[in-house]
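Asker: need the 3D shape of this:
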Amino acid sequence: MNRPHGSNRLRVLAAAPFVLALALHLLLLALWRDRLPDPLATHFSAGEGGRADGFTPLAGYAAVSSGLLVALGAGWTLLVRRAVLWGAWATAGFMGGLLDLLLRANLDAADAAEVTAPLATLTLAVGIAAPAALAGRALTGLVPAQPAAYGRDGSEGREGSDGGEGSDGRVGPSRVPRLELGAHEIAGWSRDTGSRGMTALSTVFVLAGATAPVPAVLFTPWPYALIALVGLAVGVPGLALSRVRVAVDRRGLTVTPALLPRPRIRIPLDEITSATVQDVDALAEFGGWGYRTRPHRSALLLRSGEALSVRRANGFAFLVTVPDAETAAALLNALAARARAQAGAGAGEDGESGAAGARGERI
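Answerer: Residues are numbered from 1 along each chain as shown. Okay, here's the model as predicted:
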């Protein structure tokens, strides 16, 4: 599949402010190392002029602050959309500025307990974020706009007669594979699929969350307790969903984490009207990876490329990126068609029985 022009440029522009913020932060740490107390004052009370009430070893602060900028940069780079590029620059400006202002507050302090950081520090950080956001907004013009994903009325396109989307819908074509299946023939299909990027990023969050309690106990709860909470809250679900098993059988379509029984997505055969194969660009069409929602459809995207798209009777659609999606769609179409035929035959027999009964009562 051809990726939309400019997607790589968008990611570079989203990563750039975090690279700059990290480079400046590491430079200040190196230049000011001999002028900073150890430990640093890293948490301040709201009252008493913002007096320090939490402390972190200098090496620990350097590791945590650098890791935070890297994690935020990775997240924005993976999930950024053209319309919110300014948000990446604002985030980098605010967080980088706040971390550097904290170093500035500790500079030349004989005792970290004497350091103060009034609430005005947050105002200064916002003042740094504002021009950064404007710069990001200006740089948006360097990224070509993506083709419209929906029709002019904003609604999702309907399936065309060739199995693709209609003229008012998504531009990318779709394929409707078919498979001959006997009335009593049993068939099934399953395939595991995963995302190396999601696995790596989620692993980083889990490791950070698992190791953060150690310095929280040995030194100070702040900010390690927060790191542990965020790391595990983000990393564990992300790691669980970074690899899934997609299965098609007599029960319909089932998507489950490869290592866990839950959460599970299941679409029964009687709710399926058709299954197609589509090429999907996760970033351009859904804004990123993972479980995503859009009007009238949802998706589990672990990569860009070949995806199984299932149209439901209620008009909604579900997509999942998986290898060999054509076989899955063909089998799902065959199973759903057979289930509809059997349901129709059963309804016909019930109707004939009811008519016969009614005639008997009249006689």
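
Asker: CA atoms for contacts and neighbours, from now on please.
Answerer: Will do.

Asker: show me the strands in the stretch 1-150 of the chain, by range?
Answerer: Using DSSP state E, counting those that start in this stretch, the strands of the stretch 1-150 of the chain run over 40-44, 52-56.

Asker: low-confidence stretches in this protein?
Answerer: 1-6, 46-49, 145-176, 215-223, 345-363 (pLDDT under 70).

Asker: how about the helices in it?
Answerer: 7-32, 58-79, 85-106, 120-139, 196-211, 213-218, 221-241, 282-286, 325-362 (DSSP state H).

Asker: list the helices and strands the third one packs on?
Answerer: In other words, helix 85-106. For helix 85-106, the packing partners by 3 or more CA pairs under 8 Å, 6 or more residues apart in numbering; DSSP states H and E come out as helix 7-32, strand 40-44, helix 58-79, helix 120-139.

Asker: mind checking which of the ones you listed is nearest residue 274?
Answerer: Of all those, helix 58-79 sits nearest to residue 274, with 29.9 Å by CA to CA.

Asker: just to revisit the earlier point, TSV for the helices of the chain, including mean neighbour count and distance to residue 178?
Answerer: Formatted as TSV, the helices of the chain follow (neighbours: other CA atoms under 10 Å; distance: least, CA to CA, whole Å):
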stretch	mean neighbour count	distance to residue 178
helix 7-32	18	34
helix 58-79	18	35
helix 85-106	23	42
helix 120-139	17	47
helix 196-211	18	32
helix 213-218	14	54
helix 221-241	19	30
helix 282-286	20	26
helix 325-362	16	5
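
Asker: indicate which one of those helices is closest to residue 250.
Answerer: Closest to residue 250 of these is helix 325-362 (CA to CA; 6.8 Å).

Asker: so which of the helices and strands packed on helix 85-106 is nearest residue 319?
Answerer: The closest of these to residue 319 is helix 58-79. By CA to CA, the value is 18.2 Å.

Asker: Throw the helices and strands packed on helix 85-106 into TSV and include distance to residue 241, thanks.
Answerer: Below are these laid out as TSV (distance: least, CA to CA, whole Å):
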stretch	distance to residue 241
helix 7-32	23
strand 40-44	35
helix 58-79	16
helix 120-139	31
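
Asker: mind checking which of these is nearest residue 260?
Answerer: Nearest to residue 260, of all the helices and strands packed on helix 85-106, is helix 58-79, at 24.7 Å by CA to CA.

Asker: contacts for stretch 190-198, please.
Answerer: By CA atoms under 8 Å, 6 or more residues apart in numbering, the residues outside stretch 190-198 that reach it are 238-239, 242-248, 258, 302-303, 321-323, 328.

Asker: kindly check the end-to-end length of that stretch for me.
Answerer: End-to-end distance of stretch 190-198 (CA to CA, to the nearest Å): 21 Å.

Asker: and for stretch 187-203?
Answerer: The first and last residues of stretch 187-203 sit 36 Å apart, counting by CA to CA.

Asker: run the chain-centre distance for that stretch.
Answerer: 14 Å (CA atoms, centre = their mean, to the nearest Å).

Asker: please apply the same query to stretch 96-106.
Answerer: With CA atoms, centre = their mean, you get 30 Å for stretch 96-106.

Asker: okay, now residue 186: neighbour count?
Answerer: Residue 186 is flanked by 10 other residues according to other CA atoms under 10 Å.

Asker: how many residues are close by residue 305?
Answerer: Residue 305: 17 neighbours (other CA under 10 Å).

Asker: what separation is there between it and residue 276?
Answerer: For residue 305, the distance to residue 276 (CA to CA) stands at 14 Å.

Asker: how much space between the residue lying closest to residue 259 once chain neighbours are set aside and residue 207?
Answerer: Nearest non-adjacent residue to residue 259, counting by CA to CA, 6 or more residues apart in numbering: residue 240, 7.0 Å away. Taking CA to CA as the measure, residue 240 falls 14 Å from residue 207.
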